[in-house]
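**Q** Provided below for reference: sequence and predicted model.
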Amino acid sequence: MNTTYADEDKLYRFISYKQLLDIIVNGRFTFVKYKLFDDPWEGFFHKAFFKIDEFNSYNVLGENRPFIMCFTERKDSDAMWRIYSQQSSGVQISTTVSKLKRLVSDVTGFDCYLRNVIYDDEIMNEDFFIKNYPTSSMKEKIVKCLFHKRKAFDHEQEARLVLYSQSDRDEDIYHVYADPNEIIEKIFLDPRIDKKAEDLHIMALSRLGFKNVVAKSPLYNFRRIWYKIGERL
């Protein structure tokens, strides 16, 4: 795996409870093509045309090769819960870089990359690659564009695990199978769910075979503080 992270670094992923059950029951981890994402600027490099002269231009092939799984470096984020856990039905899974290396260790026919996303509105400028990657090869440019997004998304503080196929693939989704207990370190439930729902989820996931920590996110936990002051306010 080509990565900018250390093995012990932790990463987090927000998914629906339905997606979680697919992982726990079937051991199936899902990578998707960027065309399934909402942002039309995903894969901007593959969608661009490159002008040679007044009469000649070309575009880059390869948009059917990358499959992506998104993570975040942020452990606690109110925005991420509200975006990815509507009706309080989502969960956050935590893992480490070493566990993700284990996840893709047996995958063949792909180059694997795990890097942080760079947020930069310059990707919308015509001279972006000339200014930022003047000496990079075409393959390097194709890969690097997968780790650039506009600043409007910088709240995500995203890290991406990318499987880049060595040939075009027609399917939009690619599955990697592994024991979830070896890949997922912890499962956090939505911080807004009540105690009854929390207990039911913990019991259900345990019965389905998940052996690691399952708990409600502590994001909204509150304790009253007694502030020390020198005199009465």
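**A** Yep, that arrived.
**Q** make it CA atoms for all contacts and neighbour counts henceforth
**A** Will do.
**Q** Show me the helices in the chain, by range?
**A** 17-26, 44-47, 78-84, 97-103, 128-132, 138-144, 180-183, 195-207 (DSSP state H).
**Q** Among those, single out whichever gets nearest to Thr3.
**A** With CA to CA as the measure, helix 97-103 is the member of the helices of the chain nearest Thr3 (8.9 Å).
**Q** if we can go back for a sec, JSON lines for the helices of the chain, including mean pLDDT, mean neighbour count and distance to Thr3?
**A** Formatted as JSON lines, the helices of the chain follow (pLDDT from 0 to 100; neighbours: other CA atoms under 10 Å; distance: least, CA to CA, whole Å):
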{"stretch": "helix 17-26", "mean pLDDT": "96", "mean neighbour count": "16", "distance to Thr3": "24"}
{"stretch": "helix 44-47", "mean pLDDT": "80", "mean neighbour count": "17", "distance to Thr3": "21"}
{"stretch": "helix 78-84", "mean pLDDT": "93", "mean neighbour count": "14", "distance to Thr3": "24"}
{"stretch": "helix 97-103", "mean pLDDT": "98", "mean neighbour count": "17", "distance to Thr3": "9"}
{"stretch": "helix 128-132", "mean pLDDT": "83", "mean neighbour count": "12", "distance to Thr3": "20"}
{"stretch": "helix 138-144", "mean pLDDT": "83", "mean neighbour count": "14", "distance to Thr3": "12"}
{"stretch": "helix 180-183", "mean pLDDT": "98", "mean neighbour count": "18", "distance to Thr3": "17"}
{"stretch": "helix 195-207", "mean pLDDT": "95", "mean neighbour count": "13", "distance to Thr3": "31"}
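**Q** quick one, which of those is nearest to Ile225?
**A** Among the helices of the chain, helix 78-84 sits nearest to Ile225 (CA to CA), with 21.7 Å.
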